[in-house]
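> No sequence on hand, only this structure:
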Ligand SMILES: Cc1cc2nc3c(=O)[nH]c(=O)nc-3n(C[C@H](O)[C@H](O)[C@H](O)COP(=O)(O)OP(=O)(O)OC[C@H]3O[C@@H](n4cnc5c(N)ncnc54)[C@H](O)[C@@H]3O)c2cc1C
């Protein structure tokens, strides 16, 4: 049953600041807990997106969640959100309820201060909630350097699905029940000597522990761009 707090109708007060787009399509991964949501955002200005963005989506009455617009097209003003829907939260309930042609209400689209650097090679380290973030960084990459890195997925069955559904991200999938830091250590040992920037995103503990690990391995703070999403 939908409680009154989760009602879809936008209140008069929210109407003052809210913007509206449209859901074009929703694709659910075979695992049934991860969602790709295509949007049309007529009021957005994707031609100005020079860094990764976050869209603050209305998920229930006076409740908003950050998601990352990815795979945007400046001419059609469309983009795709990649949303982890396997936990219990209002954002999850909202994404599970979305249907094509639904209105998408959002408060704003703002820059998060992460953009690829021209003269370094990107390495992406994060979890499934960062698929949109890494896709956006890759889209913004000035030299088209495909990143390497690790994608921590929630369950073993997500590994195959990630490789199949996100072919543009050349990241090694590692599930939460495997030792991520063993994989990271092996990856670092095999890296050819180049100028790297590490982009960390997703669960705040994963991000903080990865930063600590990289610092212990001798990488400088300036080489590490970290963005904790949830804890
Ligand atoms: C700048 C920014 C960009 C973001 N972009 C994305 C994005 O593109 N896609 C995306 O999926 N998320 C993204 N997030 C994270 C998302 O905003 C949070 O995960 C949010 O908490 C989800 O809200 P919820 O209502 O579903 O869960 P909440 O009510 O916030 O949390 C409920 C419970 O679920 C846990 N939880 C929350 N998120 C996750 C998760 N991903 N996996 C497992 N457990 C979780 C919490 O620890 C809590 O115990 C982004 C966050 C930020 C700050």
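Structure's in. What do you need? Because the structure is a prediction, the values reported are computed rather than measured. Residues are numbered from 1 along each chain as shown.
> any idea where the strands of the protein begin and end?
Secondary structure of the chain (DSSP state E): strands at 19-28, 34-40, 53-60, 63-67, 70-73, 78-84, 103-111, 121-127, 148-153, 172-175, 196-203, 224-230.
> Which residues in the fifth one does the neighbour count mark as buried?
With burial defined by 16 or more other CB atoms under 10 Å, the residues of strand 70-73 counted as buried are 70, 71, 72. (Glycine included, C-beta is placed from N, CA and C.)
> Pull up the per-residue confidence for the second one.
Predicted confidence (pLDDT) for residue 71: 97.
> Check whether it really touches residue 139, as I assumed.
Yes - counting by CB atoms under 8 Å, residue 139 is a contact partner of residue 71 at 6.9 Å.
> quick one on the thing from earlier: looking at the strands of the chain, which is nearest to residue 159?
Proximity to residue 159, assessed across the strands of the chain by CB to CB, is greatest for strand 172-175 (4.0 Å).
> Given the closest one, what are its sheet partners and their directions?
When sheet partners are counted by DSSP bridges, strand 172-175 sits next to strand 148-153 (parallel).
> Columns distance to residue 186 on top of the strands of the chain, output as CSV?
As requested, those are exported to CSV (distance: least, CB to CB, whole Å):
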stretch, distance to residue 186
strand 19-28, 33
strand 34-40, 26
strand 53-60, 32
strand 63-67, 32
strand 70-73, 28
strand 78-84, 26
strand 103-111, 34
strand 121-127, 13
strand 148-153, 10
strand 172-175, 9
strand 196-203, 16
strand 224-230, 19
